[in-house]
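>>> how would this look folded up:
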Amino acid sequence: MANGTLRLDSPFYVPGRITVTSLDRSIERTREFDTRTPAAGLCYEAAEAARRIAQGSIESPYMPLQESVTILETLDQIREQLAFH
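Next comes the predicted model:
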């Protein structure tokens, strides 16, 4: 059951502003993230992946493989519920 909404003012992979609003709209919180440049989207993730690959590692302690799999499974469930195929 939904408790509210999350609005992203830019693509999810680019830092920007997010707004969280409760279902009854009694609570709304906004947070701004440093945008630096739109081209910087996922640059930190790419740099971490490059470091780990160079070290012969297959995952990062910052984002373990199982966490990535869990996130993708959640996104699959969301797409299924919204009928996006």
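
>>> could you pull up phi and psi at residue 45?
In terms of degrees, to the nearest 10, the main-chain angles of residue 45 are phi -60, psi -40.

>>> so who does it touch?
Contacts of residue 45 were listed using CB atoms under 8 Å, 6 or more residues apart in numbering, and they are residue 63. From N, CA and C alone the C-beta is placed, and that goes for glycine too.

>>> residue boundaries of the helices in the protein?
43-54, 65-81 (DSSP state H).

>>> indicate which one of those helices is closest to residue 20.
Comparison of the helices of the chain against residue 20 by CB to CB identifies helix 65-81 as nearest, at 16.4 Å.

>>> and the closest one, how far out from the chain middle?
From the chain centre to the centre of helix 65-81 is a distance of 11 Å (CA atoms, centre = their mean, to the nearest Å).

>>> residues of that helix that come out buried?
Of all the residues in helix 65-81, not one is buried under the rule 16 or more other CB atoms under 10 Å.

>>> quick check: closest non-adjacent residue to residue 27.
Closest residue in space to residue 27, ignoring its immediate chain neighbours: residue 21 at 7.0 Å, by CB to CB, 6 or more residues apart in numbering.
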